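Colleague: Need the 3D shape of this:
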Amino acid sequence: MVTTFSLLPELLAGDRAPAPSTLVDVFRRTVAECGDSPAVDSGLVTMTYTELDAAASELADRLAEHGVRPGDKVGVRIKSGTTDLYVAILGILLAGGAYVPVDADDPDERARVVFEESSSAAVIGNDLVITATAAGRAAAPTPGRGVEPGDDAWVIFTSGSTGKPKGVAVTHRSAAAFVEAESRMFLQDAPLSPGDRVMAGLSVAFDASCEEMWLAWAYGACLVPAPRSLVRSGVDVGPWLKANRITVVSTVPTLVSLWPDSALTEVRLLIMGGEACPPELAARLQAPGREVWNTYGPTEATVVACGAILDGTDPVRIGLPLDGWDLAVVDAAGYPVAAGDSGELIIGGVGLARYLDPAKDAEKYAPMPTLGWDRAYRSGDIVRNDPEGLLFAGRADDQIKLGGRRIELGEIDEQMLRLPGVVGAAAAVRSTKSGNQLLVGYLTVDAGYDAQIAKGLLRQRMPAALVPRLAVVDELPTRTSGKIDRDALPWPLPRRGTPSAALSGTAAWIAEIWAEVLGAEVTSGADDFFDFGGGSLTAAQVVSRLREKHAELAVGDVYANPTVAGLAAHLDEMGTSAVMSDRTVAPLRRRTQIVQLLALGPLRALAALRWITWLMLASTLGALLTDLPWLIPFP
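Modeller: Below is the predicted model of the structure:
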């Protein structure tokens, strides 16, 4: 017999959905109210809202001339941090289109797949150059209709379990509701305004970048893109935050953990999401006048579905739903679980997006008769049902998140199986002693396998964040069902040769740090940081350690010198690269301390007499050269 429980009222906010609107309405309202306020500050170019609107409108007209009409998809592949990137996004929205972003650093193959799968009518590249595609039409003779709430605003591609990324389309109705719902959450006592400056540090290929943009543009605040090189370094973002007077930050906990507390002195709204937030980090980030939030939401439910304000106490919750979103926690049969129990999180309400693939959409956005919902998204996330706010407990499948990026392990498997000489493949996430999570690809191979060729092909086909550390094993363990048992894959990996003791000096020091950060057994000066699964966040951690002796080192130096030998040689050239000898600091003898203390009085007296001497000289000269009566010549 199935026992059913009622849905928690605290998790149902669908009836509080904002009125239907569009992002164009939101932007035009801000332009009317804050036209002279800065909208984007790239560090090289600052544009006011009036200027940004004019540039975006001009681009919208050009798109219409290229045949783009309301409802069309338009690709965007522009270098991050430029004002052109944001002009392009707004121009597409004003033209009635949906923007389809691809990170400029992603491989060409990824861009081709995304633009083809989305049937993009055109693609906007650097310098706002518009390129028509095969899906495009002839130039529209007259302007099309206006933007409607049911039109798509953006299409963002996420990792797919079949090896192909999945396109997720979000309507203006959902996007504008998200913007309005967040305005009801954050900083109610002192709302965001034109005086605020919002960091834009996330790739526009991630839906979290939408939160950054509209935290600025919905309130007349200024969007300030962080240079990609700084974001990669992690730790270097701290000084940049202060120098640019950033007051609003939305990012992942891993990145925040690299910043010193002093970097956040002006930040009054700090939003974290994309991965679990450690309780100790939540406690450290507390400060008077600052709101710290933990948010949760899949791309399929428009960026954020729920959030919790953090007060520094345990546990760290993912919170309660935004106005307009409904949440339910269900068992395997789809029935609500009791308060305090765990189950799969189901999402409903105004934030539901859709897959471009109709079959995938019907599968993941199915009705939930057990809840009485006509359409719902099964998140695959396990949470604890709590009226004070949900608690994240993990995944029910092979989907993981690294650095805030959602990754389907099946996509990694599929790409590895395409490599020459690979017989079997399985990806898994492993943790190092220092707590870092690494993506590892386990392979069984034949004589046709070449490690260097394999690594090169993966880097050509996938974004850097999806390229795993490759490890060849004798066999892939399986469960009784015949499926690969990812939990049984070996870790730490077996030693490949002579331990790092064979290295010396700076190279040995680097090897020790890599072992902690990457869980790698470094045996050669030719070992490559990225072959061991290194990425931007782990590179930032390595640099943070190396800066104990080389303060001028940057993350870019690791990218430029990825091998142990190369990095060691680079440090040697800096002049302080030799491993410093231990220094012994001994206390002074008590007799010496007494002598220093007795001498302190006379020394202070002499210092005072020095200032009296200068005063006497100045007064005497003044009396001789002027008639001022208060200057008295000393005999």
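Colleague: Settle this for me: residue 410 is touching residue 416, isn't it.
Modeller: No. Residue 410 is not in contact with residue 416 according to CB atoms under 8 Å; the separation is 10.7 Å. Every C-beta, even on glycine, is put in place using the N, C-alpha and C of the backbone.
Colleague: Which one of these two is surrounded by more residues?
Modeller: Using other CB atoms under 10 Å, the more surrounded residue of residue 410 and residue 416 is residue 416, with 22 against 18.
Colleague: any idea how far that one lies from residue 157?
Modeller: 20 Å (CB to CB, to the nearest Å).
Colleague: same check, this time on residue 331
Modeller: Separation of residue 331 from residue 157 (CB to CB) stands at 32 Å.
Colleague: what about those two, which has more around it?
Modeller: A count of neighbours by other CB under 10 Å puts residue 157 above the other of residue 331 and residue 157, at 22 against 18.
Colleague: Look at the residue lying closest to the more buried one once chain neighbours are set aside and say how many residues are nearby.
Modeller: What sits nearest to residue 157 in space, not counting adjacent residues and going by CB to CB, 6 or more residues apart in numbering, is residue 165, at 4.0 Å. Applying other CB under 10 Å, we find 21 residues neighbouring residue 165.
Colleague: go on, the one 3 residues further on?
Modeller: By the measure other CB under 10 Å, the count of residues near residue 168 is 24.
Colleague: Could you give the average pLDDT over the helix or strand containing it?
Modeller: Assigned by DSSP states H and E, residue 168 belongs to strand 166-171. Mean per-residue pLDDT for strand 166-171: 97.
Colleague: can you list the residues that contact it?
Modeller: If you take CB atoms under 8 Å, 6 or more residues apart in numbering as the criterion, strand 166-171 is touched by 98, 100, 114, 117-118, 149-160, 207, 299-300, 302, 353-357, 360.
Colleague: Over to stretch 116-128?
Modeller: By CB under 8 Å, 6+ apart, stretch 116-128 touches 59, 63, 66-68, 72-79, 82, 84, 87-88, 91-92, 97, 100, 104, 115, 130-133, 135-137, 155, 157, 164-165, 167, 356.
Colleague: Narrow the residues you listed to those in helices?
Modeller: 59, 63, 84, 87-88, 91-92, 115 (DSSP state H).
Colleague: May I ask which two of those residues are separated the most?
Modeller: Greatest spatial distance in the ones in helices among the contacts of stretch 116-128: 87 and 115, 19.5 Å, computed using CB to CB.
Colleague: Show me the shaky parts of this structure.
Modeller: For the chain, the stretches with pLDDT under 70 are 1-4, 134-144, 160-163, 403-404, 434, 478-483, 494-502, 575-635.
Colleague: mind giving me the domain split of it?
Modeller: Domain assignment for the chain, taken from automatic domain parsing, gives 26-38+48-147, 407-488, 500-573, 588-635.
Colleague: For my notes, please list those in CSV and give distance to residue 286 for each entry.
Modeller: Shown next, in CSV, are the domains of the chain (distance: least, CB to CB, whole Å):
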stretch, distance to residue 286
domain 26-38+48-147, 30
domain 407-488, 22
domain 500-573, 23
domain 588-635, 40
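Colleague: quick one: which of those is nearest residue 374?
Modeller: Closest among those, once you apply CB to CB, is domain 26-38+48-147, at 24.1 Å.
Colleague: Can you check the distance spanned by the closest one, start to finish?
Modeller: 12 Å (CA to CA, to the nearest Å).
Colleague: quick thing: my sequence starts at 20, can you match it?
Modeller: Done: numbering now begins at 20, and the last item shifts to domain 45-57+67-166.
Colleague: Can I get stretch 83-94 as PDB, trimmed to CA atoms?
Modeller: Provided in PDB are the C-alpha atoms of stretch 83-94 (Å, rounded to 0.1, in the frame of the first residue of the first chain):
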ATOM      1  CA  ALA A  83      16.200  42.400 -39.700                       C
ATOM      2  CA  GLU A  84      18.000  43.400 -42.900                       C
ATOM      3  CA  HIS A  85      19.600  39.900 -42.800                       C
ATOM      4  CA  GLY A  86      16.200  38.300 -42.600                       C
ATOM      5  CA  VAL A  87      16.000  37.700 -38.800                       C
ATOM      6  CA  ARG A  88      12.400  37.900 -37.600                       C
ATOM      7  CA  PRO A  89      10.700  37.500 -34.200                       C
ATOM      8  CA  GLY A  90      11.000  33.900 -33.100                       C
ATOM      9  CA  ASP A  91      14.300  33.200 -34.900                       C
ATOM     10  CA  LYS A  92      17.400  31.900 -33.100                       C
ATOM     11  CA  VAL A  93      20.600  33.900 -33.500                       C
ATOM     12  CA  GLY A  94      24.000  32.600 -32.500                       C
END
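Colleague: Return the set of buried residues in that stretch.
Modeller: Neighbour-count burial for stretch 83-94, counted by 16 or more other CB atoms under 10 Å, picks out 83, 85, 87-94.
Colleague: helix/strand/coil for residue 527?
Modeller: helix (DSSP: H, G, I helix; E, B strand; the rest coil).
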